[in-house]
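# Sharing a model that was predicted from the sequence below.
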Amino acid sequence: DTEVTQTPKHLVMGMTNKKSLKCEQHMGHRAMYWYKQKAKKPPELMFVYSYEKLSINESVPSRFSPECPNSSLLNLHLHALQPEDSALYLCASSPQTGYGYTFGSGTRLTVV
Amino acid sequence: QQQVKQSPQSLIVQKGGISIINCAYENTAFDYFPWYQQFPGKGPALLIAIRPDVSEKKEGRFTISFNKSAKQFSLHIMDSQPGDSATYFCAASGRGGADGLTFGKGTHLIIQP
């Protein structure tokens, strides 16, 4: 299995909702990442989870909360989002931090 | 501060031609330079990657050229096909990747039949 699987593929949520994005990989990769991508822009790093240590991009608002239940799973919990948070959210994994990234197909999030 | 500069922003090439996309970086701590291809609504897919200890790497129709002294690297797509029409991103990482991948702004490539 050489894929990163993200669910759901599409999500529409209100500004008062709580939702979660899920990411799973079975390649034995030790690092997993969340990226945010706006239309016609490159992906921007949100969080890195590597060797059970979480690194946070300090510019990411607290309404985004990552969770890593085990080395194969990565969640992104969403709460009180704003319309400007609408974007494609990408999960990626790599054998070691910084090299050989594999990206999932993303979750298209719309905040209404 | 943009650490990886990519050009051109858009590119139109005739079928069978060579597509060339260039990137320049500033951070000398970078030691891994991948190229990604992205189709609309999909995640980026790794095309080819290079480390600074080699000057060129070829995989099929895709070639990376790397100039460490100039801090530049480029992607060449030989015999470009309409199916190659996509957005291409160069990227860089290093120092254990604590900062993740740093992406260029992307090149929208169109291959005309």
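Happy to help now that I have it. For clarity, every value in this text was computed on a predicted model and none was experimentally measured.
# where does chain B come near chain A, residue by residue?
Applying Cβ under 8 Å from any Cβ of the partner chain, one finds that chain B approaches chain A through B:32, B:34, B:36, B:41-46, B:49, B:89, B:93-101, B:103-106. Backbone N, C-alpha and C define where each C-beta goes, glycine included.
# Please spell out the PyMOL selection for the buried subset of those residues.
Typed into PyMOL, the line below selects the buried ones among those, using 16 or more other Cβ atoms under 10 Å in any protein chain shown:
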select buried, chain B and resi 32+34+36+43+44+49+89+93+94+97+99+100+101+103+104+105+106
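# any chance you could map the strands in the chain?
Looking at chain A here, since you left the chain open. Shown for chain A, the strands assigned by DSSP state E span residues A:4-7, A:10-13, A:18-25, A:31-37, A:44-50, A:53-56, A:64-70, A:73-79, A:87-94, A:102-103, A:107-111.
# actually it's chain B I care about, not the one you picked
Under DSSP E, chain B gives strands at B:4-7, B:10-14, B:19-25, B:30-38, B:45-50, B:56-59, B:62-67, B:72-77, B:86-94, B:102-103, B:107-112.
# want to throw those strands into CSV with distance to residue A:105 and mean pLDDT?
Compiled in CSV, the strands of chain B are given as follows (distance: least, Cβ to Cβ, whole Å; pLDDT from 0 to 100):
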stretch, distance to residue A:105, mean pLDDT
strand B:4-7, 23, 97
strand B:10-14, 24, 98
strand B:19-25, 23, 98
strand B:30-38, 10, 94
strand B:45-50, 10, 94
strand B:56-59, 22, 96
strand B:62-67, 21, 96
strand B:72-77, 22, 98
strand B:86-94, 14, 94
strand B:102-103, 17, 92
strand B:107-112, 20, 98
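# sorry, back to before: which of the strands of chain A has the lowest mean pLDDT?
When these are compared on mean pLDDT, strand A:53-56 scores lowest, with a mean of 81.
# about what we covered before: same list, the strands of chain A, but as CSV with mean neighbour count and distance to chain B please.
Formatted as CSV, those follow (neighbours: other Cβ atoms under 10 Å in any protein chain shown; distance: least, Cβ to the nearest Cβ, whole Å):
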stretch, mean neighbour count, distance to chain B
strand A:4-7, 18, 8
strand A:10-13, 14, 10
strand A:18-25, 19, 11
strand A:31-37, 24, 6
strand A:44-50, 22, 4
strand A:53-56, 13, 6
strand A:64-70, 15, 13
strand A:73-79, 18, 14
strand A:87-94, 24, 5
strand A:102-103, 22, 4
strand A:107-111, 18, 7
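# residues contacting residue 104?
Reading this off chain A. Contact partners of residue A:104, counting by Cβ atoms under 8 Å, 6 or more residues apart in numbering or on different chains, are A:3-6, A:23, A:90-92, B:43.
# wrong one, I was asking about chain B
A:42, B:4-6, B:23, B:89-91.
# How about it, nearest residue that isn't a chain neighbour?
Closest residue in space to residue B:104, ignoring its immediate chain neighbours: residue B:6 at 2.9 Å, by Cβ to Cβ, 6 or more residues apart in numbering or on different chains.
# and the one you found, what is it in contact with?
Applying Cβ under 8 Å, 6+ apart, the residues near residue B:6 are B:21-23, B:89-90, B:104-107.
# May I have the beta-bridge partners of the residue positioned nearest the centre of chain A?
Residue closest to the mean C-alpha point of chain A, counted by Cα atoms, centre = their mean, is residue A:34 at 3.1 Å. As for beta bridges, residue A:34 partners with residue A:47, residue A:91 under DSSP bridges.
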